[in-house]
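Dropping a prediction and its sequence here:
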Amino acid sequence: MVGDVPDDAVLLSIGQLAQRTGLSVKLIRHWSDIGIVPPTDRSAAGYRRYDARALARLELARTLRDLGLGMAAIRDVLDGRHGVADVAALHADALEVQIRTLRVRCAVLRSVANRGSTTKELSVMSKLARLSAAQRTAIVHQFISDVLADLDAPGYREGLLAATPDLPDQPTNEQVDAWIELAEMLDDPQLRAAMRRMGEYAARHAPGLYDEHDAQAVQQVTDFWVQRVTAAIDAGIPADSPAADPVVADVVGAWLPMQEGSDLRSGGDGEDARSRLLEQLEIAADPRAERYWQLLCIINGWPVRASLATAGQWLMTALRANPAPGVRAADISTVLDSAAGSDPAEVLRAYAQVLDEVDRIVATVTADRFDDPTPCADWNVRTLLNHLVYENLMWTSLAEGNPRADFNADHLGDDHVAAFRASAQAALTAFGRPGMLVQQYGPAPGWRLVEQVLIEMLVHGWDLAKATGRPSDLAPSVAATILATVHEMYAGLPRTPGGSFAEAKPVPEPASAADHVAAYLGRDVSWAPSERR
């Protein structure tokens, strides 16, 4: 209620009131007509007059109006029917509802703008965003019920039901967008098929009830293998090499204790255990299922795990290449024994020839080509040059008995030509050391190390030639001779994501020997760089 004012207050006209308050005459007259600021008196000519009390009442009305209160609520406050605190609290509650609504609308519009959605999609997204918490939960529960149907996998079912979308009262744009994406995904038949496969696996191998302790233990094992595999990737260990075998053994050792009720535990690390782990990873590796859980985490405000795709692909490839302890190493030993009659000196001469031809290509590359694409997926020209230098340095370190561990380092510096030539000279020096070519390095003689880096230089030199528009018919006689070795050495490798090579590609005629080597190692011989901008 407005406080008292002096009895002798000066009476003001509407025009004077407008001057004092900054409000328009029209607005004051309207508020006067509806009882917000009734006139104190009227002049002899019938014009309205207002005292200081009316002025204070008008100022308060303007303040309440600026805060968004309706005229009825303002009149109740001014007339003393409701206190300011009560009205303010009620109005604040109403504003909270409006703010939440506006946040959702804003998030939907942002999502539409980012996705380039159509008018129909806008309507669907708006409806999805307005659903209540109960309706959102019901949609997800129906999805789970449809996918699992009558599967006897209570633990898996309860785990899914325990994680439902709980959009907060004041969601961020990201959370609303995540809910819209999740709701759309629930109709994806491929997601449903992926979740069904996981349920079927759980019904066969983990039919028990959901246990939070077990779930935490699984998470710990996952954290372990991701960390172990990521370290292997960072160290440059190929998934399809014998060097991956110890990593697989460590992962299997951590995973086996989780296989309660299975005969795998007593058998230890072996073909059965590795086969079962591979099956489990293949079933869980669907990117849609991973995205499902990421979206739930975003909606619920939980930490979002980084994608496991890269580490998972590496581990699956390592399991395929090393299906039992020592198998890949034994296969390589068999191949190494099959070529005992090769001329080590000729292998070194061939390597020097390939180095010379690759050097000429490297020398033509300018820094403005560094970002250009190459036939190696995800590698630009600079990355490819860096790898060429690293291969020389790495095999040199093996020949010297001091293996490098700087796979991810920058080996080019400011002068890629000088870096390549220095690495090539270091390799030639190391390989030319008396006795190196016949010295044993594990199961292989030294010339076999030279043979491997020769293959690396040949195929990656081919990549560089293709990327820079240079002739790719590298060292024809060397390529023709080495092709049989390439087939023999890499025939048993899994050609899957995470492996060293993609599936072998067809070779259109006419084709050079280097083309045949590149195609067998997964290159598209018809690849050409797109037109440079």
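Noted; the coordinates are in hand.

Stretch 232-241: end-to-end distance?
End-to-end distance for stretch 232-241: 12 Å, by Cα to Cα, to the nearest Å.

mind starting the numbering at 100 from now?
Sure, I'll start numbering at 100, so the last one becomes stretch 331-340.

Check which residues of stretch 380-400 are buried.
Neighbour-count burial for stretch 380-400 flags 380, 382-385, 388-391, 393-395, 397-398 (criterion: 16 or more other Cβ atoms under 10 Å). Placement of C-beta: from N, CA and C, glycine included.

Oh, that last question was meant for stretch 612-627, not what I typed.
The neighbour-count check on stretch 612-627 (16+ other Cβ under 10 Å) flags Ala612, Ala613, Asp614, His615, Val616, Ala617, Ala618, Tyr619, Leu620, Gly621, Arg622, Val624 as buried.

Quickly check the residues you listed for the two that are furthest apart.
Distance extremes for the buried residues of stretch 612-627: the farthest pair is Ala612 and Gly621 at 16.7 Å, using Cβ to Cβ.

how much space between Gln358 and His312?
Distance of Gln358 to His312, computed by Cβ to Cβ, to the nearest Å: 16 Å.

And the two? Which one has more around it.
Neighbours per residue, other Cβ atoms under 10 Å: of Gln358 and His312, the larger number sits with Gln358, 16 against 7.

Identify the residue nearest that one in space, chain neighbours excluded?
Spatial nearest neighbour of Gln358, chain neighbours left out: Arg364 (5.6 Å); criterion: Cβ to Cβ, 6 or more residues apart in numbering.

Please apply the same query to Glu456.
Nearest non-adjacent residue to Glu456 (Cβ to Cβ, 6+ apart): Leu573, at 5.2 Å.

and what of Ala508?
Ala508's closest residue in space is Tyr489 (Cβ to Cβ, 6+ apart), at 7.9 Å.

How about stretch 282-290, which residues are buried there?
Ala282, Met284, Leu285, Leu290.

returning to what we had before: let's see which of the buried residues of stretch 612-627 end up in helices.
Among the buried residues of stretch 612-627, the members falling in helices (DSSP state H) are Ala612, Ala613, Asp614, His615, Val616, Ala617, Ala618, Tyr619.

Quick one: residues contacting the fourth one.
This points to His615. Ala578, Leu582, Val606 (Cβ atoms under 8 Å, 6 or more residues apart in numbering).

thinking Thr263 is in contact with Gln241, fair?
No - applying Cβ atoms under 8 Å as the test, Thr263 and Gln241 come out as separate, 11.3 Å apart.

Compare neighbour counts for those two and give me the winner.
With neighbours defined as other Cβ under 10 Å, Thr263 and Gln241 compare such that Thr263 has more, 17 against 11.

confidence score at the more buried one?
Each residue has a pLDDT score; the one for Thr263 is 86.

Likewise for Arg594?
90.

Could you do Arg199 as well?
Looking at Arg199, its pLDDT reads 64.

Give me the three-state assignment for the residue nearest the centre of the chain.
Taking Cα atoms, centre = their mean, the centroid of the chain lies closest to Ser406, which sits 4.9 Å from it. Following DSSP: H, G, I helix; E, B strand; the rest coil, we place Ser406 in the coil state.

Assess the claim that it and Glu389 are in contact.
Yes - the pair Ser406 / Glu389 is scored as a contact, 6.4 Å apart, by Cβ under 8 Å.
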